[in-house]
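Visitor: Give the three-dimensional model of this entry:
(one chain, ligands or ions: 1)
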Amino acid sequence: MQTQEDYLAGLLEHGLLFSTGVDGLFGRSALFEATVDGLNALVTKHGDGFNAESVTYPPSMSRVDFEKSGYLKSFPGLAGSIHSFAGDDRAHRDLLADLEAKRDWSGRQKITDVVLTPAACYPLYPLAASRGQMPKEGLCFSLCSWCFRHEPSRDPARMQAFRQREYVRMGTAEQVVAFRASCIERGEAIVQLLELPYHLDVANDPFFGRAGKMMANNQRDQKLKFEMLIPITSDEHPTACLSFNYHQDHFGLAWGIKTADGEVAHTACVGFGMERITLALFRHHGFELANWPAGVRQALAL
Ligand code: ZN
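Guide: Numbering: from 1, shown residues only. As a prediction, the model looks like this:
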């Protein structure tokens, strides 16, 4: 199997990705984007019957909501906050002097009310909470968002800026657990259509620190997270391309989201890593679209 460096070099040579000089930050070619678009449409087709409400957010969210989500507690090193200059003429001169002298100028900026979205579903929970008690059948949302995670890597499948396509379900524990099971079936059907090798496994999020280890163990013990793993640059360490997450009442409690019966809502989401699945397609079917299996091209309208 190709190493991460070899596969990255292949992607750049074939003009599928364009380097920015920063690890994990790439431009995408027309073919790469057409593949993402085809995948997006395929996921939408398989979400038929969820009666999901489609919502689109920019790749940034409210800092207050972000703080409330608990993300900084669990993943401080992955977060991306947005800072900006807010000084007067004199402060501006100081900033320019720092730049000129190639000194660290970050202290001249202040944190803004906006952070980069860490996962597509995060801006949805405050929206659902703002609507008050939900209907008996609960809620389902469909969305796709650019997400940011600060984890520079030479592995092309571990980008800092990437897209997550999600379905998010909110309701009773029974409703969201049934939803997650149905998502696993649909996810398998999609990956089979794409003729990609995969296996499903219990997983955990990369919670920070010593307390994080306990959270990760708990997440595994309770089977709260499953991942669909596809080998991209390693058979031994395949890449999580889809994830199926049961948050229990974490977000329901954080925002006071209520079911029709006034109970704290449970939530679950399925996330499709659009870049990762696209990279898996080029890895397994080749850099030349003409060589891809006809069924795969048909499924993606390519
Ligand atoms: Zn999510």
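Visitor: Which residue would be the closest one in the stretch 201-302 of the chain to the ion?
Guide: Residue nearest to the ion within the stretch 201-302 of the chain (Cβ to the ion): residue 269, separated by 3.3 Å. The C-beta positions use only the backbone N, C-alpha and C, and glycine is treated the same way.
Visitor: what residues are up against whatever residue of the stretch 101-250 of the chain ends up closest to the ion?
Guide: At 3.2 Å from the ion, residue 121 is the closest residue in the stretch 101-250 of the chain, using Cβ to the ion. Applying Cβ atoms under 8 Å, 6 or more residues apart in numbering, we find residue 121 in contact with 141, 143, 166, 168, 269, 271.
Visitor: In helices, which of those appear?
Guide: Among the contacts of residue 121, none falls in helices (DSSP state H).
Visitor: Can you pick out the most distant pair from the residues you listed?
Guide: Largest separation among those by Cβ to Cβ: 141 and 271, giving 12.5 Å.
Visitor: any residues in contact with both of the two?
Guide: Common neighbours of residue 141 and residue 271 (Cβ under 8 Å, 6+ apart) are 121, 166.
Visitor: between these two, which one's more packed in?
Guide: It is residue 271, of residue 141 and residue 271, that has more neighbours when counted by other Cβ atoms under 10 Å, with 23 against 20.
Visitor: so the more buried one sits right up against residue 118, yeah?
Guide: No: look at residue 271 against residue 118 with Cβ atoms under 8 Å: they stay out of range, at 11.7 Å.
Visitor: Contact residues of the chain facing the ion?
Guide: Proximity of the chain to the ion, by Cβ under 5 Å from the ion, involves residues 119, 121, 269.
Visitor: What about those, which are in strands?
Guide: Residues of the residues of the chain next to the ion located in strands (DSSP state E): residue 269.
Visitor: Now render the residues of the chain next to the ion as JSON lines, adding pLDDT and distance to residue 90.
Guide: Output for the residues of the chain next to the ion, formatted as JSON lines (pLDDT from 0 to 100; distance: Cβ to Cβ, whole Å):
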{"residue": "119", "pLDDT": "96", "distance to residue 90": "40"}
{"residue": "121", "pLDDT": "96", "distance to residue 90": "43"}
{"residue": "269", "pLDDT": "97", "distance to residue 90": "48"}
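Visitor: How far does stretch 160-177 sit from its chain's centre?
Guide: Averaging C-alpha positions (Cα atoms, centre = their mean, to the nearest Å) puts stretch 160-177 11 Å from its chain's average.
Visitor: Only alpha carbons, please: show that stretch as CSV.
Guide: Taking C-alpha atoms only, stretch 160-177 is exported to CSV below (Å, rounded to 0.1, in the frame of the first residue of the first chain):
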residue,chain,number,x,y,z
GLN,A,160,-7.4,21.0,8.7
ALA,A,161,-10.3,22.3,6.6
PHE,A,162,-12.8,19.8,5.1
ARG,A,163,-16.5,19.2,4.6
GLN,A,164,-18.8,17.1,6.7
ARG,A,165,-22.2,16.0,5.3
GLU,A,166,-24.5,15.2,8.2
TYR,A,167,-28.0,14.1,9.2
VAL,A,168,-28.8,15.0,12.7
ARG,A,169,-31.7,13.5,14.7
MET,A,170,-33.2,14.9,17.9
GLY,A,171,-36.0,13.3,19.9
THR,A,172,-36.4,10.5,22.4
ALA,A,173,-33.6,8.0,23.1
GLU,A,174,-35.6,5.3,21.1
GLN,A,175,-36.1,7.6,18.1
VAL,A,176,-32.4,8.6,17.8
VAL,A,177,-31.1,5.1,18.5
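Visitor: Can you classify residue 200 by secondary structure?
Guide: Secondary structure state of residue 200, per DSSP: H, G, I helix; E, B strand; the rest coil, is strand.
Visitor: Tell me if I'm right that it and residue 226 touch.
Guide: Yes: in this structure, residue 200 is within contact of residue 226 by Cβ under 8 Å, at 5.8 Å.
Visitor: who's more crowded, the two?
Guide: More crowded of residue 200 and residue 226, by other Cβ under 10 Å: residue 226, with 22 against 15.
Visitor: Cool, thanks, talk later.
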